[in-house]
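Colleague: Structure of the sequence below:
(chains A and B)
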Amino acid sequence: MTALETVHAIELRHITKRFGQVVANDSVDLTLDRGQILSLLGENGSGKTTLMNMLSGIYRPDEGEILVEGKPVVIRSPKDAYDHGIGMIHQHFKLVDMFTAAENIALGLRGRGHDRRAVAAQVKAISDRYGFGIDPDKKVYDMSVSEKQTVEIVKVLYRGADILILDEPTAVLTPQETDRLFDILRAMKADGKAIVIITHKLHEVMAISDQVAVLRKGKYIGTVNTADTDPQALTEMMVGRAVSLNIDRPEAKYRDLRLEVKGLNCKNAEGVATLSDVGFQAFGGEILGIAGIAGSGQKELLEAIAGLQKAESGHVFYYPPHPKSDIAGNHVPVDKAGEELLGKTPAQIQKVGVALAFVPEDRLGMGLVGGMGMVDNMMLKTYKENPGPLVDRKPPRALAERLIEELEIVTPGVTAPVRRLSGGNVQKVLVGREIASQPTVLMTAYPVRGLDINSSYTIYRLLNEQKMKGVAVLLVGEDLDVLLELCDRILVLCGGRVSGVVDARTATKEEVGLLMTRVDQGEEGTVHA
Amino acid sequence: MGDINSSLWVALLAAAVLNGVPLLFGTVGEILSEKAGNLNLGVEGMMYTGGAMGLGAAFYYEGFAGAGANGIVAVLLALLFAFLGGAFGALIYSFLTVTLRANQNVTGLALTIFGTGLGQFIGEYMRRTSGGYVAIGNDLKAVFANSPFPAALQQLPVVGPVIFRHSIFLYIGLAIAITMAWFFRRTKAGLYLRAVGESPATADAAGINVTRYKYLATVIGGGISAIGGMVYIMTIAGCVWNHEGLSGEGWLAVALVIFCLWRPLNAIWGSVLFGGLMILYNYLSLPMVPTQIYRILPYVVTVIVLIITSLRNNREKQPPASLGNAYFREER
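Modeller: The predicted model follows:
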């Protein structure tokens, strides 16, 4: 079969989509064939998701043509997309939490009856074919992220889609789950399906795809065979210039004990333990990575230290920075070395210099107010410094302008609602604000969640700068490769327990991955470092 | 046989059922709307409009047909026009909240004000133009108020007065509630409707026409709610236009939707309970307790139920997840 004989499963011709003044896709061409996995690569805001949303009927192109099997089609709605065999698995799952897996899968099907047994039988047939394991009667709200994703994929297959689009499917998966997903994708490819996978992770692009299409700032740059390229070349296509892919891990001048957590226990509202007997030390001049499957207690741990979550028992001792380090004297000194932080209010803990920048899945939920501009968001952190009932807008405005300058934040202005900024820029605002408070402990969770290479590296650079100043950085991350390159030590959580602390310089990905899934070992993991 | 049937408790229970019927319509109509994610706070207004239009339909039909007026035709016309009155209000609401994506709370409150005013206008217009008094003849009144069941059934001890001695509307209401429960649970359209209320983006991605489901559920639900207003005027208020007759029924229905956890079958006993709480002061008077205290009982019960269900935090007993939110496909 040569290219001339094959009719492409999908062909996009000169697709343009504008949102107001912004051109999200500028005359993009793309082809996709059966039995092939195409990676769609590009930075944040390069228009990958927008382009795919036009295939799946969420948006409609302003200009251009979509051809399915060589025939021009108009896709007005998701239903039209399904009629053409196109199914998309969105980054934010489109599932009804209150429904069972089977009900979700049966949703929106005309013609076929709402017969539970028939649905269950078909679901089972699809599961067996590709090796999924799902329980059709399980409610979605009881499922793990990986299970939800499986339901999404089965749903799309059940509807007869043979062109699958996956939008950042691995962003929320553990390495093991990712491997399993890739096995499934390969099985589907062998079955003659056409697959598009949107991702930021270059090693995944190299591992799974046959071809890579690159978008940059809404423009189509080109398509290359994965076998003929390498991560460095792809990055250059994506960013438009050479970028170093190595993450620095400099050594700080001072490395002194900053936080000591001992026997920390937490429970959630339902009384279920979220943290059990967690203990570790964090040092100034060090980045301590915190790894674990989603929901292993990462969020609770950071919140307990920040005073946002009540701990049942345990201690968090704080030690002031080395008197000769850059950050000495930045904050109100504590009464004595080793002062207990538990039991203090979040405001008191902030005063000591403990800052928390948590990037939740929806990026805005915690820390920033979407409807407010940068200036107002800066003020949320500093309004207490103004005596009296009035606020002074000048300092936060200056700070906002400085952040825009230093972090290259793209925004229409300091008063534009942050909700309107792209994900990467929102995260820069959040992390930037926390750093601007000149913390002595910087806790950050998922700071590069969903960010492209360029923005991610800006964030890594910021964290390293803080480390060099003597700040103790606690970094909850989901990408093990990055944690292993950036951090000094990695604390692994599993089911609310510390399953191990490893030296990031010597540990392997497999080692950390194993610790992440080691359930209830009882004994504390070995401490290297 | 009169003994047990004239006892206080049977009388209270029968009165509770009688007063529960308008609430039953109001509640199941609102459940339908809320299941599609539309919190329509205009129930009070729609019931007012429906009440006035239902009464007007029967009144003008009687004036038109004279002595030959057919009771069944009058009931059907009253049902139809009450439904249309509520559906009209709900259509305005849907246009504003679904198509124009206006805030649901504000729109609903505005609909209450508008619907109450429209009902007042229609009622007062009828009163003015027909000599200061709107009422229908006794023969027709009897068709609206009397039970469709034979006397033998109505005379049965306890179940006679409690179940069989009611107007046709109780049985219509029950049929609607049971049908709706079956619709939600057993039909595909019901599944789609719930999906729209839980997660419109998911429903949309599944190829379900979110706008159509929202419109239909809200308009039909509004019509059903409005029938409750008509039932109130034609049975409890004695087929007479009284400009303060309906006050509060619609708000009780909104509270009752929460009370019965968005389940039509719960609405059946819930409306009887609330109906009973509303008229409890006629049957049980404690010294030093003013009747106003009794009248707030339904709201107190709702608050208690809300507290209990929130404390238990049961996922199955939550409102539809996207209740109150407008849906816009291209929102980022």
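
Colleague: Mind listing the strands the helix or strand bottoming out on mean pLDDT in chain A pairs with, and their directions?
Modeller: Lowest mean confidence among the helices and strands of chain A (mean pLDDT, DSSP states H and E): strand A:354-358, at a mean of 77. The strands beside strand A:354-358 in its sheet (DSSP bridges) come out as strand A:441-445 (parallel).

Colleague: got a list of what residue A:8 touches?
Modeller: Shown in contact with residue A:8 (C-beta atoms under 8 Å, 6 or more residues apart in numbering or on different chains): A:31-33, A:67, A:69-70. C-betas here are computed from N, CA, C, even on glycine.

Colleague: Now the buried members of those.
Modeller: Among the contacts of residue A:8, those scoring as buried are A:31-33, A:67 (criterion: 16 or more other C-beta atoms under 10 Å in any protein chain shown).

Colleague: Now do the helix or strand that comes right after the least confident helix or strand of chain A: which elements does it pack against?
Modeller: Using DSSP states H and E, the helix or strand that follows strand A:354-358 in sequence is helix A:374-382. Judged by 3 or more C-beta pairs under 8 Å, 6 or more residues apart in numbering or on different chains; DSSP states H and E, helix A:374-382 is in contact with helix A:394-407, helix A:423-436.

Colleague: Can you list the neighbours in contact with helix A:374-382?
Modeller: With C-beta under 8 Å, 6+ apart, helix A:374-382 has contacts from A:368-369, A:391, A:393, A:395-397, A:399-400, A:403-404, A:411, A:414-416, A:418, A:429, A:433-434, A:436-437.

Colleague: Put the buried members of these into a ChimeraX selection.
Modeller: In ChimeraX syntax, the buried subset of these is picked out as below (16+ other C-beta under 10 Å):
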select /A:368,396,397,399,400,403,404,411,414,418,429,433,434,436,437
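
Colleague: rewinding a little: please tabulate the buried ones among the contacts of residue A:8 in a markdown table, including the columns secondary structure, distance to chain B and pLDDT.
Modeller: Formatted as a markdown table, these follow (DSSP: H, G, I helix; E, B strand; the rest coil; distance: C-beta to the nearest C-beta, whole Å; pLDDT from 0 to 100):
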| residue | secondary structure | distance to chain B | pLDDT |
| --- | --- | --- | --- |
| A:31 | strand | 25 | 91 |
| A:32 | strand | 20 | 91 |
| A:33 | coil | 25 | 91 |
| A:67 | strand | 21 | 92 |
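
Colleague: Which pair of the residues you listed spans the longest distance?
Modeller: By the measure C-beta to C-beta, A:33 and A:67 form the most distant pair in the buried ones among the contacts of residue A:8, at 12.5 Å.

Colleague: residue boundaries of the helices in the stretch 101-250 of chain B?
Modeller: B:104-129, B:138-145, B:151-154, B:159, B:168-186, B:188-198, B:200-205, B:210-231, B:249-259 (DSSP state H, counting those that start in this stretch).

Colleague: Residue B:41: which of those helices is closest?
Modeller: Distance to residue B:41, taken as C-beta to C-beta, is lowest for helix B:104-129 among the helices of the stretch 101-250 of chain B, at 2.9 Å.

Colleague: Any buried residues in the closest one, and which?
Modeller: For helix B:104-129, by 16+ other C-beta under 10 Å, it's B:104, B:107-108, B:110-112, B:114-116, B:118-120, B:122-123, B:126-127.

Colleague: Tell me which other helices or strands it touches.
Modeller: Helix B:104-129 packs on helix B:43-65, helix B:71-94, going by 3+ C-beta pairs under 8 Å, 6+ apart.

Colleague: orientation of the first one relative to helix B:210-231 in degrees?
Modeller: If you take axes from the mean of the first three to the mean of the last three C-alpha atoms, to 10 degrees, helix B:43-65 sits at 60 degrees to helix B:210-231.

Colleague: And the average pLDDT for helix B:43-65 is what?
Modeller: Helix B:43-65 comes out with an average pLDDT of 93.

Colleague: by contact count, what packs against it?
Modeller: Packed against helix B:43-65 by the contact rule (3+ C-beta pairs under 8 Å, 6+ apart) you find helix B:8-35, helix B:71-94, helix B:104-129, helix B:138-145, helix B:210-231, helix B:249-259.

Colleague: so the fourth one versus helix B:43-65, what angle?
Modeller: Inter-element angle recorded for helix B:138-145 and helix B:43-65: 140 degrees (by the same axes, to 10 degrees).

Colleague: Quick check: buried residues in helix B:138-145?
Modeller: Applying 16+ other C-beta under 10 Å to helix B:138-145 flags B:140-141, B:143-145 as buried.

Colleague: rewinding a little: run the chain-centre distance for the least confident helix or strand of chain A.
Modeller: On the basis of C-alpha atoms, centre = their mean, to the nearest Å, strand A:354-358 sits 17 Å off its chain's mean C-alpha point.

Colleague: okay, it in PDB with CA atoms only?
Modeller: C-alpha atoms of strand A:354-358 as PDB (Å, rounded to 0.1, in the frame of the first residue of the first chain):
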ATOM      1  CA  VAL A 354       5.900  28.400  54.800                       C
ATOM      2  CA  ALA A 355       4.200  28.900  51.400                       C
ATOM      3  CA  LEU A 356       2.000  26.500  49.600                       C
ATOM      4  CA  ALA A 357       1.300  26.600  45.800                       C
ATOM      5  CA  PHE A 358      -1.100  23.800  45.000                       C
END
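
Colleague: Which residues outside it are in contact with it?
Modeller: Contacts for strand A:354-358 (C-beta under 8 Å, 6+ apart): A:299, A:302-303, A:305-306, A:308, A:318, A:341, A:366-367, A:430-431, A:433-435, A:437, A:439-447.

Colleague: Also stretch B:149-162?
Modeller: B:1, B:4-5, B:10-11, B:13-14, B:17, B:147, B:164-165.

Colleague: Share the number of residues neighbouring the spatially closest residue to residue A:14 that is not a sequence neighbour, please.
Modeller: Once flanking residues are discounted, residue A:14 sits nearest to residue A:64: 4.2 Å by C-beta to C-beta, 6 or more residues apart in numbering or on different chains. Residues near residue A:64, counting by other C-beta atoms under 10 Å in any protein chain shown, number 16.

Colleague: Just give me the neighbour total for residue 171.
Modeller: Chain wasn't specified; assuming chain A. Neighbours of residue A:171 under the rule other C-beta under 10 Å: 19.

Colleague: Sorry, I should have been clearer: chain B.
Modeller: Per other C-beta under 10 Å, the neighbour tally for residue B:171 reads 16.

Colleague: The one 10 residues further on too?
Modeller: Using other C-beta under 10 Å, residue B:181 is surrounded by 19 other residues.

Colleague: same question, the one 4 residues further on
Modeller: Residue B:185 is surrounded by 13 other residues when neighbours are defined as other C-beta under 10 Å.

Colleague: Over to the one 5 residues further on?
Modeller: Residue neighbour count, defined by other C-beta under 10 Å, stands at 17 for residue B:190.

Colleague: So which residues on the stretch 151-300 of chain B come close to chain A?
Modeller: Proximity of the stretch 151-300 of chain B to chain A is confined to B:186-188, B:191-192, B:194-195, B:198-199, B:201-208 under the rule C-beta under 8 Å from any C-beta of the partner chain.

Colleague: what residues are up against residue 77?
Modeller: Using chain A. Counting by C-beta under 8 Å, 6+ apart, residue A:77 touches A:57, B:204, B:207.

Colleague: I was after chain B.
Modeller: B:57-58, B:61.
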